[in-house]
Structure formats: C-alpha cells, structure tokens
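Colleague: Here is my input, please return the structure:
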Amino acid sequence: MALQISATNPEHPALLLELPWHLPLEEWPEEYLVPLPRGISRHVVRYARAGDEVIAVKELAERPALREYELLRDLDRLAIPAVDPLAVVTGRTDGEGEPLEPVLITRHLRGSQPYRSMFETTMRPATMHRLMDALAVLLVRLHLAGFAWGDCSLSNTLFRRDAGAYAAYLVDAETGDLHPQLSTGQREYDLDLARVNISGELLDLEASGALHPSVDPVEFGMEICARYGDLWTELTRTSVYPAGKYQYIERRIRRLNELGFDVAEMQIEHSSNGDTVTFVPKVVDAGHHQRQLLRLTGLDTEENQARRLLNDLESWMATQDDYAPGDPLTARPEVLAHRWVRDVFRPTVRAVPPELRGSMDAAEIYHELLEHRWYLSERAQHDIGLDTAVEDYIQNILPTARETLQPTTGE
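Modeller: Numbering: from 1, shown residues only. Below you'll find the predicted structure:
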C-alpha cells in the first residue's frame, strides 16, 4: 500500500512528505524533532517541524486515527478550543517493507503547555485554582456542544495565556463522542472520569515531589466538579427575559462574577418572547478588561471600571440593528464601540454638571450611573433606562455625596 496523506489544507502534504515516514516515531532523528513538554500518552507522540509549522505527530491504528481526525474537525466547526487537525498519514512501511502504524498530525498550539507540565513547576495555589477554573470552562463548553470527552486529564489538556486570558484546549479526542445533546448521566460520567484522572495525576506528581505541598490531590479533583456544577447551572438555566428588563442580564453577570468567572464574551439573541441570553465565559487575568476597553474605545480606566463599562457596551451593541457577531457584512465591534462612546458614554457623562462631579473622572461617573440604574431597576422590577437614572442620581445622590465630603469647621 502506497503512502497516503489525507490533509485539511492542500499545502500540507508537500511539507509533510519531507518527514521520515519510513521510520517508527520512536526512532526519528533529533534533526526533525522539536523539544517541547509532553503529557503522558498511551501512544508515541513527538513534536516535529514541517516547514514553518510545529506539529504534533501521534502513532495509532488507522481507524481511531481517522475517527479522531474527524472529531477534531467537528470541534473546530463548533468553535470549541481544541488543537487543529492537519492530516492523517497511512500506508507507512519501513525499509524492509514492513507496515508501520498510521499517524495523526495536529498543529502545535503556540505558547501552550500540557496542564501536567504546568503542575510540575512551582506555582502558587491561587494560580492552580485559576487553571482548574479554565479547565471547568472547557468541560462545560464541550458538554454544551454535545461532546463527551471520555478521557479528560492533565495530560490531555493544553494551557495557554492568550491576551491575558487563562484558556484550556482539548488535545486528545480519541475516546470522545459527539451527540446532538448529552444526557445528565453522560455529563456526570464524563465529569467523574475527569475527577479520577486529575486526582490520579496529581497524586503521581505528589509522590514525585513536584506538587505544591498545600495542594490536596483529592480535594482538587472534587473542586473542578464543584466549579463545573456552578458554572453549568448558571449557563443552562432558563434565560428568557421580557423585553426591556436588561437588569436581569446584569444580575446574571454579577452572579458569574461572584463565582469567580469574568464574562469576556456575551451573546444576546432576540426572539418574539424576549431576550435569550447565553454566556461563554473566560477566566481572565488582571488588566484584561483595561486592555480590551482601551483597544475598543480609547478609554483608559481602572480594571473594575473597565469590566463594568465593557458589560454595558456589550449589552448596548446587542440592541443595534447592524450588529451580528461573525457576519462580515455588519459593523465591526470597533465601529460600534466608537458609536457607543459618541452617542452613549460622552452624553451621559456630560449630563452630570461639572460642579457636582468632585474628584470623579469620567469612567467613575459612568460606573456610578450604571450602578444607580441597576439599583433603581431592581427596585422597580423593570429597566428604568439610563436617562432616568442620570436624573435621579443628580437630584438625590450627588447632593448628599457632596455634603458628606464637605470639610467640617469648628467654631
């Protein structure tokens, strides 16, 4: 049987032909390999260079190789964080004509490391918890898409910091299954496998002396289940709101913040019955929102102010007729953000008389107005609107705040 390369890109076969497919993967010369950290695998896995690409090459039987290749392509179409499948190579033979195992080729995720190798380094427990939060987010996203992983572990997950975000990526889809929807039993079974695998690898690291002494492997495995459960509940409970009650969206965002998740992406779908809200959260690092707001609007604020303003910007963009995420024919986020600054942010801030602002800058004023709107909307049980909030804030809040800040004089 002749060598065959099934690839997603017509350019890849030419690059891949230069690799020594006549040798077992374990015997590949160093000149072809790239020394990168790897997790534990039941198969032989090597990193190699193909042109300008760094690729991961895994030897396995033909049927599971083709199956995993297709599953990874499915996950890519579903926009699930996973490695990119490049090709499957079959028909390999050695110099004697004896058959060699096929290989699956994926693109190495630049700047990433296996979770296991991250835990082998000296990390603060708080950082470890953030890593596990990101892994919980990945599991939730997989399950929402109907994908049962079947082998979630520290070795089968990549970690990457991307523009300040902690992100987890699936590496090994060999044992996975894609369904229209997962049952509760399927999700719980997949989660329990993750708990056992993660605790087992942490116990292994503990035995080798590589784990931080404050980390309990069993408790850590349980924690990811708890975090997953909290996030799954918040993301999947009924989220259909009557038109105009945007304070309910704010309530959901606050709940996710209380759980330790910052909402870096938010989708609002309009229907005849109301607003259906779906969140895709990311665990973000300090300064993430500052950088994002500065990039979109040019506003330079503190982190908490930026988070609040970005949430308002996202909600406002979703109400615009020319906003459709993913549609290249509609307005880009940067264009809409500029419009929001011009038509919403600046007029709102200017509505507050300069003599009443005190030492508050524009971002803090807007933040305070959003908080006041939230408070009044909760009390009224409907969205009272920003104009009403501004008027009430000027009449009832600012005068009291100024009196409080006035210095007292003795007689």
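Colleague: Please enumerate the strands of the stretch 151-300 of the chain.
Modeller: 157-162, 165-170, 177-178, 240-241, 262-271, 274-284 (DSSP state E, counting those that start in this stretch).
Colleague: how far is the biggest helix by length in the chain from where the chain is centred?
Modeller: As assigned by DSSP state H, the longest helix anywhere in the chain is helix 184-207. Relative to the mean C-alpha coordinate of its chain, helix 184-207 is positioned 21 Å out (Cα atoms, centre = their mean, to the nearest Å).
Colleague: least trustworthy helix or strand in the protein by mean pLDDT?
Modeller: Counting by mean pLDDT, DSSP states H and E, the chain has its least confident helix or strand at strand 274-284, which shows a mean of 55.
Colleague: Roughly how far does His108 sit from Ala48?
Modeller: 9 Å (Cβ to Cβ, to the nearest Å). Any C-beta I mention is one placed from the backbone N, CA and C, and that applies to glycine too.
Colleague: okay but Leu203 is in contact with Asp216, surely?
Modeller: No: at 10.0 Å, Leu203 and Asp216 do not qualify as touching, with contact defined as Cβ atoms under 8 Å.
Colleague: Just the C-alpha atoms of stretch 40-51, please, in CSV.
Modeller: Backbone C-alpha positions of stretch 40-51 (Å, rounded to 0.1, in the frame of the first residue of the first chain) are rendered in CSV as follows:
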residue,chain,number,x,y,z
ILE,A,40,1.5,11.2,29.5
SER,A,41,0.1,9.3,26.5
ARG,A,42,-0.7,5.7,25.7
HIS,A,43,0.7,6.3,22.2
VAL,A,44,4.0,7.5,21.0
VAL,A,45,3.9,11.3,20.4
ARG,A,46,6.6,13.6,19.1
TYR,A,47,6.8,17.2,18.1
ALA,A,48,8.4,17.9,14.8
ARG,A,49,8.9,20.7,12.3
ALA,A,50,7.2,20.8,8.9
GLY,A,51,8.2,24.0,7.1
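Colleague: contact partners of that stretch?
Modeller: The contact list for stretch 40-51 (Cβ atoms under 8 Å, 6 or more residues apart in numbering) reads 12, 15-16, 18-19, 24-26, 28, 32-36, 38, 54-60, 108, 116, 153, 155, 172, 201.
Colleague: Is it possible to mark the buried ones in those residues?
Modeller: Those of those that meet the buried threshold are 12, 15-16, 19, 25, 28, 32, 38, 55-60, 108, 116, 153, 155, 172, 201, by 16 or more other Cβ atoms under 10 Å.
Colleague: Let me know the helix or strand that the spatially closest residue to Met360 that is not a sequence neighbour is in.
Modeller: Spatially, and ignoring its direct neighbours in sequence, Met360 is nearest to Glu368 (7.1 Å; Cβ to Cβ, 6 or more residues apart in numbering). Using DSSP states H and E, the element containing Glu368 is helix 362-380.
Colleague: ditto for Pro347
Modeller: Using DSSP H and E, Pro347 falls in helix 346-350.
Colleague: Flag every buried residue along that helix.
Modeller: 348-349.
Colleague: Need the CA coordinates for that helix. CSV is fine.
Modeller: Taking C-alpha atoms only, helix 346-350 is exported to CSV below (Å, rounded to 0.1, in the frame of the first residue of the first chain):
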residue,chain,number,x,y,z
ARG,A,346,-20.0,61.0,26.5
PRO,A,347,-23.5,62.4,26.5
THR,A,348,-24.3,60.6,29.7
VAL,A,349,-21.2,61.9,31.5
ARG,A,350,-21.8,65.4,30.2
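Colleague: What's the first helix or strand after that helix?
Modeller: Defined by DSSP H and E, the subsequent element after helix 346-350 is helix 354-357.
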